[in-house]
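**Q** Build me a model from this:
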Amino acid sequence: MKGTIFEIREFCLQDGPGVRTTVFFKGCPLRCSWCHNPEGLSRDIETMRGQPCGRVVEASELAGELHKGDDFFQRFGGGITFSGGEPFAQIDFLLELASLLKPLHLVAETSGFVSPADYKRGAAAVDILYQDLKHWDADAFSTHCKGDLSLVMDNLTWLKQSNVPHVIRIPLIPGVNDLPGYEESFVSLLNGDKALQRVELLPYHVTASVKYELMNKPYKPTFDPSAEIRKPDLDIFKQHNIQAVLA
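**A** Predicted coordinates:
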């Protein structure tokens, strides 16, 4: 089984427990206007800085590359993280790769904007799921991410009732989802979440535009990138027994 990736990044500390290697899958069904990985949007092989960006690889070949770090992962309690792009958009490739990487610790980062069947298959293949929550409002999600929020919410509903350990990641975008009372809006989506480990709030940073320039792509955010982000009130999450951190 072949898949398309655009980067393998070693020594990652923010993509799961321990020191990890993150594999970035190429291709994403959403078009979030703040996306920090424009090279991961298309499944096509593109160019960045005049060099090819992306490669097609067999799952067995990629597993062999990643297994070279087994001793390191064992020493530092790490493993492999699947990111993107949207890794669940290449679900068959991911499942084969995951089966070849066991017993390494596996994490997947997903937008949740995939079919429920693929979502459940992907969640079952990893040890921890990192689930993005970008907005609580369907119209805003459609405007800023070009997707149907109901699909994400259906998968979130299943995840909340599952036994899959997971982390919720909320990218804080100025004027988009840092509106007054936004903490309560996200908390309302997470009430009753059985296997939630924590919530990570990730403030937007302006470096995203640089990659677009390197790829000769227009950067057209639907918000003011220079605006100050409203500081979150983490106590609101705590009041609902939800651990939240500003990452």
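
**Q** only C-alpha atoms for contact and neighbour calcs from this point on.
**A** OK.

**Q** Quick one: residues contacting I80.
**A** 20-23, 66, 104-107 (CA atoms under 8 Å, 6 or more residues apart in numbering).

**Q** try it again with 6 Å
**A** 20-22, 106 (CA atoms under 6 Å, 6 or more residues apart in numbering).

**Q** so how far is F73 from it?
**A** 9 Å (CA to CA, to the nearest Å).

**Q** before we move on, what about L100?
**A** Distance from L100 to F73, by CA to CA: 16 Å.

**Q** Have a look at those two and say which one is more surrounded.
**A** F73 (20 against 16; other CA atoms under 10 Å).

**Q** what's the helix or strand for that one?
**A** If you go by DSSP states H and E, F73 is part of helix 70-76.

**Q** May I have that helix as PDB, with CA atoms only?
**A** Presented in PDB, the C-alpha positions along helix 70-76 are these (Å, rounded to 0.1, in the frame of the first residue of the first chain):
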ATOM      1  CA  ASP A  70      13.200   2.000  18.100                       C
ATOM      2  CA  ASP A  71      16.000   2.100  20.700                       C
ATOM      3  CA  PHE A  72      15.600   5.900  20.900                       C
ATOM      4  CA  PHE A  73      11.900   5.700  21.400                       C
ATOM      5  CA  GLN A  74      12.300   3.100  24.100                       C
ATOM      6  CA  ARG A  75      14.800   5.100  25.900                       C
ATOM      7  CA  PHE A  76      12.800   8.400  25.900                       C
END
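
**Q** Distance check, the residue nearest to N191 when sequence neighbours are not counted against A247.
**A** Leaving aside its sequence neighbours, N191 sits nearest to H240 (CA to CA, 6 or more residues apart in numbering; 7.6 Å). Distance, H240 to A247, using CA to CA: 20 Å.

**Q** Could you do N241 as well?
**A** 19 Å.

**Q** what pairs with the host helix or strand of L201, and is each one parallel or antiparallel?
**A** L201 is located in strand 196-203, with elements delineated by DSSP H and E. Looking at strand 196-203 with DSSP bridges, its partner strands are strand 166-172 (parallel), strand 244-246 (parallel).

**Q** least trustworthy helix or strand in this structure by mean pLDDT?
**A** The helix or strand of the chain with the poorest confidence is helix 208-214; it has a mean of 87 (mean pLDDT, DSSP states H and E).

**Q** Name the residues of it that are buried.
**A** Using 16 or more other CA atoms under 10 Å as the test for burial, helix 208-214 gives 208-209, 211-212.

**Q** contact partners of that helix?
**A** The contact list for helix 208-214, computed with CA under 6 Å, 6+ apart, reads 36, 48-49.

**Q** So which of the residues you listed wins on neighbours?
**A** H36 (18 neighbours).

**Q** so it is in which element?
**A** H36 belongs to no helix or strand when assigned by DSSP H and E.

**Q** which residues touch it?
**A** By CA under 6 Å, 6+ apart, H36 lies in contact with A208.

**Q** let's see 10 Å
**A** H36 makes contact with 85, 204-212 under the criterion CA atoms under 10 Å, 6 or more residues apart in numbering.

**Q** what's the answer for K146, then?
**A** Neighbouring residues of K146 by CA under 10 Å, 6+ apart: 29-33, 139-140.

**Q** Dump these to CSV, plus pLDDT and neighbour count.
**A** Formatted as CSV, those follow (pLDDT from 0 to 100; neighbours: other CA atoms under 10 Å):
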residue, pLDDT, neighbour count
P29, 98, 16
L30, 98, 19
R31, 97, 15
C32, 97, 20
S33, 94, 17
D139, 98, 14
A140, 98, 16
